[in-house]
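A.B. asks: Have a look at this prediction, sequence included:
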Amino acid sequence: MAKTPWKLHPDRALPAEPTQRSIARELYQSVAALPIVSMHGHIDAGAIRRNDAFGDPAELFIIPDHYLVRMLVSQGYRQQDLGVRPLNGDPYETDHRLVWRRFCANWKLFRGTPTRYWMEHELVEVFGITEEPSAATADAIYDQLSATLATPAFRIRSLFDRFNIEILSTTDAPDSDLAEHAALAADGWGERVVPTFRPDGIFYPDRAAWRASVRSLAARNGTEITDYASFLVAVQERRLAFVAAGARATDHGHLTADTTPLSAADAQRIFAKALTGPVDAATGAAFAANMLFESARMSVEDGLVMQLHPGVQRDHSDEISAAFGPDNGFDIPRPVDYTRGLQPLLNAFGLNPRFRIILFTIDETVYSRELAPIAGAYPSVRLGAPWWFLDSPGGMARFRELVTETAGFYNTSGFVDDTRAFASIPARHDLARRIDAGYLAGLVAEHRLTLDEATETAIDLAYTLPLAAYARRDDVSDGITPVAVLPEGVAL
């Protein structure tokens, strides 16, 4: 008997209750084909400029995916066993077929996780795989994927078009020369791929690489940075270079939400000390908090939208981070105090129509207690989509449930993914659209929204709100709520 091909259920992630499911199907169909707005990502602009191929299946799906790797590590594998290269040159697995076999043999470990959903979507919907991963099917899937990835239709620019990505942001260090973005713009991709200014490395003077990062910033600007005042000028100049390159936003991954400003004298004292020697973590954190405040001031001037996602203790494992480098050592969430942390910044800029900040979190305890009330009051604030560990069916549903009653839908950014895995972008947006359709279907079933209202809201969450949240200042008509135009053929 022939084996039944592996297929995905058309109602996956929609509500189980029959009435809500029927409504959710209709709502999902209204948004399923909308363009993707991907404004909080980490795809390499150079890969898009070069129109790279993705290599083999292990290089595409496993080795760069921290979600997937950490799950297998939690079950006893080492990073080296999964093709991740140690910094010190120690041996690691270079047989990518064997890496793929290890993943497929442990497919069951991903049951119930968002990784399972994304991988299923990618394998079936994007690559046409008809067998579920297992030890028995690993080699056949590897061979099929390898042959597919070698074709021109599966290079990054072809998939960019196939995925219907309207705009994608990269994340770039302050000293980036932005040459890849300039080349993309020359190719006519300047409105499709835009940079994002990520200054964390120059904001924390207690970090080992801080002085080198400041020197690199100065070299990129062609100026000298000798004190705090010249440092601020250099940051402002670099931000303007990003604006000229098409940037819409800045991105800040701080440990806390503290935005307490320093006096100019105190900031200069810390800066001068850091230029000549080490400063402690508390001093570094105080300077970084001050720089968040200064970033908001600069955003008022240059129009870049400010993104803040605090609350991750990076490199929790000293052993792993030493072996594989920063941001590889088991990043773990921490509680965040947004109410007190953001008060200095919002007191200064929160009512200014020229300022916009988007807040992300992985601390669900603050959704209804802090973030929704803040966004429901300050016109400058939008709540970002569930991020990182919360980029999941349950995380998205809890976000809607806990935020909407206070902040509504229109004080959120809509869905923007956070990924380095290019092929997972459509899977992540598909999941968010299904979860939002399910939530809205519940409101319709309870006669709290009409079907027309729910349809309009679903479209806004999937498409118009992300475009509006990251609109350039010149595109903002009233200073508060930019209006995005629906693609041709899409109607409410």
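C.D. replies: Yes, it's here.
A.B. asks: Tell me, how many residues neighbour the closest residue to residue 423 other than its chain neighbours?
C.D. replies: Distances taken as Cβ to Cβ, 6 or more residues apart in numbering put residue 122 closest to residue 423, at 5.0 Å, once the chain neighbours are dropped. For glycine as for every other residue, the C-beta is placed from the backbone atoms N, C-alpha and C. When neighbours are counted by other Cβ atoms under 10 Å, residue 122 registers 20.
A.B. asks: Could you grab the helix/strand/coil label for residue 122?
C.D. replies: Look at residue 122: counting by DSSP: H, G, I helix; E, B strand; the rest coil, its state is helix.
A.B. asks: Now do the same contact list for it.
C.D. replies: By Cβ atoms under 8 Å, 6 or more residues apart in numbering, the contact list for residue 122 reads 61, 423-424, 427.
A.B. asks: Next one: it relative to residue 65, how far apart?
C.D. replies: 11 Å (Cβ to Cβ, to the nearest Å).
A.B. asks: Then residue 435?
C.D. replies: Distance from residue 435 to residue 65, by Cβ to Cβ: 21 Å.
A.B. asks: neighbour-wise, which of these two wins?
C.D. replies: Higher neighbour count among residue 435 and residue 65: residue 435, with 26 against 20, using other Cβ under 10 Å.
A.B. asks: in what helix or strand does that one lie?
C.D. replies: helix 425-445 (DSSP states H and E).
A.B. asks: Walking through the stretch 1-150 of the chain, point out its strands one by one.
C.D. replies: Counting by DSSP state E, counting those that start in this stretch, one finds strands in the stretch 1-150 of the chain at the ranges 36-38.
A.B. asks: and the nearest residue to residue 336 once chain neighbours are set aside, what does it touch?
C.D. replies: Leaving aside its sequence neighbours, residue 336 sits nearest to residue 311 (Cβ to Cβ, 6+ apart; 4.0 Å). The contact partners of residue 311, by Cβ under 8 Å, 6+ apart, come to 255-257, 333-336, 361-363.
A.B. asks: Which PyMOL command selects the buried ones in these?
C.D. replies: Listed next is the PyMOL selection for buried residues among the contacts of residue 311, using 16 or more other Cβ atoms under 10 Å:
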select buried, resi 255+256+257+336+361+362+363
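A.B. asks: As a markdown table, the contacts of residue 311 with distance to residue 116 and pLDDT would be great.
C.D. replies: Output for the contacts of residue 311, formatted as a markdown table (distance: Cβ to Cβ, whole Å; pLDDT from 0 to 100):
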| residue | distance to residue 116 | pLDDT |
| --- | --- | --- |
| 255 | 30 | 94 |
| 256 | 33 | 97 |
| 257 | 32 | 98 |
| 333 | 21 | 92 |
| 334 | 26 | 93 |
| 335 | 28 | 95 |
| 336 | 28 | 96 |
| 361 | 24 | 96 |
| 362 | 20 | 92 |
| 363 | 24 | 94 |
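A.B. asks: Which member of the contacts of residue 311 is positioned nearest residue 460?
C.D. replies: residue 361 (21.5 Å; Cβ to Cβ).
A.B. asks: Could you verify that the closest one is part of a helix?
C.D. replies: No - Residue 361: not assigned to a helix; according to three-state DSSP it is coil.
A.B. asks: So what's the residue count around the closest residue in space to residue 381 that isn't next to it in sequence?
C.D. replies: What sits nearest to residue 381 in space, not counting adjacent residues and going by Cβ to Cβ, 6+ apart, is residue 375, at 4.6 Å. Around residue 375 there are 25 other residues, counting by other Cβ under 10 Å.
A.B. asks: OK, contacts around the residue lying closest to residue 13 once chain neighbours are set aside?
C.D. replies: The spatial neighbour of residue 13 that comes closest, neighbours along the chain excluded (Cβ to Cβ, 6+ apart), is residue 434 at 4.1 Å. Going by Cβ under 8 Å, 6+ apart, residue 434 touches 12-14, 24, 28.
A.B. asks: Among these, which pair sits farthest apart?
C.D. replies: It's 12 and 24 that sit farthest apart of the contacts of residue 434, by Cβ to Cβ, at 11.3 Å.
A.B. asks: okay, these two: which has more neighbours?
C.D. replies: residue 24 (28 against 13).
A.B. asks: what ranges do the helices span in the stretch 351-492 of the chain?
C.D. replies: 372-375, 393-407, 425-445, 451-459, 465-469 (DSSP state H, counting those that start in this stretch).
A.B. asks: Now intersect the contacts of residue 311 with the strands, please.
C.D. replies: Cross-referencing the contacts of residue 311 against strands under DSSP state E gives residue 333.
A.B. asks: Just list whatever residues bridge to residue 196.
C.D. replies: Here residue 196 sits in beta bridges with residue 249, going by DSSP bridges.
A.B. asks: Tell me which helix or strand residue 236 sits in.
C.D. replies: helix 228-244.
A.B. asks: Can you pull the poorly scored residue ranges out of the stretch 301-450 of the chain?
C.D. replies: 329 (pLDDT under 70).
A.B. asks: Could you report the separation of residue 470 from residue 247?
C.D. replies: From residue 470 to residue 247 the distance is 10 Å (Cβ to Cβ).
A.B. asks: which residues do these two both contact?
C.D. replies: Contacts common to residue 470 and residue 247, judged by Cβ under 8 Å, 6+ apart, are residue 169.
A.B. asks: Go through stretch 75-86 and flag the buried ones.
C.D. replies: Buried-residue list, stretch 75-86, by 16+ other Cβ under 10 Å: 77, 79, 81-86.
A.B. asks: distance between the ends of that stretch?
C.D. replies: 19 Å (Cα to Cα, to the nearest Å).
A.B. asks: Same check on stretch 129-145?
C.D. replies: 8 Å.
A.B. asks: Please shift the residue numbers so they start at 32 in all later answers.
C.D. replies: Happy to do that; since the first residue is 32 now, the last one works out to stretch 160-176.
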